[in-house]
Structure formats: C-alpha cells, structure tokens
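# give me coordinates for this.
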Amino acid sequence: MNFELTASMMCADYAHLETEVKSLEEGGIDSFHIDIMDGRYVPNYAMSLNDMRYIASATEKPLDVHLMIEHPNNTIALFLQNLRKGDTVYIHPEAEYHPSTTLQKIINAGMVPGIAINPGTSVENVMEMLRIVKKVLVMSVNPGNAGQMFLPYVGKKITKLLAIKEDMDFELYWDGACSAERILEYAPKGVKGFVLGTTLLFGKDRPYGETLADIRELKF
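Residues are numbered from 1 along each chain as shown. Below is the predicted model of the structure:
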C-alpha cells in the first residue's frame, strides 16, 4: 500500500541535526515535518525559522512546514522565501482573521497550501477552506507538545473528511500519536500520509531505515 511518511523534526537529536537529516533521508523518509511554534498560539516553543532554513539546505526531500503561530499572514513571507516550490505550508484557520488571504500567498509562492485542524475544530468550521487547500493535516492530539495521547473522537472527524476529500480535491494527513495501529486502520481508508514522532520513529535506539522499512511492510 502506498502512503507517505514524514519525520517530525521537533523530536530529532539537535546535537547531531545534520546526521539526523542524512540518516532519515537515507532510511527512506518521504519528507521532513517542521513544527514552528510561537509560544502564543500553542503554549510551547519548538523549531525556528533558522532550523527550517538549515533542514531545507541539507536535503532535497520536501518540507512540510506546520505553522502553529498567531496571525501567520504577518510573517508568512519569512517562511516562503526560505522554502522551495512544492514544499507544503500548513496554517491553523483559528490563528488568522482571514486565513484564505494567507493561503493565497502560499499558493502564489508556488507552495502547497494546507490547513491543520485541531481536535476541537469541526469540519463544518473549515468547509469553505477545503476548496482552497491541497492538504489537510488532522491533529489527533492537541498541538504544542510531542508524546501526547491519541484523542479517539478525532476518528469520526477523519471519517467525515475522507467522505468529501475527492469532491473537494485535497489529501488527508495524520499528525499526533501515530502508531502502527493507526496506520493499519487509516491508510486503507484513504489517509495519504502520517507524521512520525516519538511513538514510532524517534528515540527507539535503532537505525531509522529499519524502522521505516518495518512501517512500510505492515500487513494490511
């Protein structure tokens, strides 16, 4: 079964970031997930603009930039000018007065527009934006920290999104507490990709290539 795997780089070993990027790349990761947090939209700070810039320079793999920041329209140009055409940028609709304006800037820059949907955000609240974006990142945990527990009610939201994704022309991605069980359940249903963090990929004391190979060989 064909599905995408992206590495949540906020979980990487920053003492050896160059090695981490190369090991993941050689191990077969599809893209690098960059979590940018401002300490206001979420109660944490994670990766920075400079972290993103470095990873973009260290790999030819695509970047998935997840902006967990207030009013991204004010600073979106800083991120876009350091990315490559075809990279993905996700915003949170609640973080902006007019999210469609920010999404249009992402489109105009040649990037893939996306929205991230928090566990407490309903599909109905973002319905019109689903006609604009190409990717929808469903948060199965509250954003801001790694290692959180899966919130089961998010599964019903994914079911709703899967039912309309072809008509709306977007792909669905999973972020948060991503286990082998979640991939086994939701990849066959149509979820296109999964963000891998501490649940499956990081901190396992084994080569990334072995872990990624095991995930891709899951028995569906």
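# near E217, how many other residues are there?
E217 has 7 neighbouring residues, counting by other CB atoms under 10 Å. In this view, the C-beta of every residue, glycine as well, is placed from N, C-alpha and C.
# and it, how far is that from W174?
Applying CB to CB, to the nearest Å, the value for E217 to W174 is 19 Å.
# all helices of the protein, in order?
17-27, 49-58, 76-80, 99-108, 154-168, 180-186, 208-216 (DSSP state H).
# give me the pLDDT value at Q148.
On pLDDT, Q148 comes in at 52.
# also the one 3 residues further on?
L151 is assigned a predicted lDDT (pLDDT) of 67.
# rewinding a little: would you reformat the helices of the chain as CSV and include mean pLDDT?
Shown next, in CSV, are these (pLDDT from 0 to 100):
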stretch, mean pLDDT
helix 17-27, 97
helix 49-58, 96
helix 76-80, 97
helix 99-108, 97
helix 154-168, 94
helix 180-186, 94
helix 208-216, 96
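# out of those, nearest to T199?
Nearest to T199, of all the helices of the chain, is helix 180-186, at 8.6 Å by CB to CB.
# pull out the buried positions in that closest one.
By neighbour count on 16 or more other CB atoms under 10 Å, the buried set for helix 180-186 is 182-183, 186.
# what's the local residue count around the nearest residue to L49 once chain neighbours are set aside?
In this structure, L49 finds its nearest non-sequential neighbour in L78, 6.0 Å apart by CB to CB, 6 or more residues apart in numbering. Neighbour count of L78, defined by other CB under 10 Å: 11.
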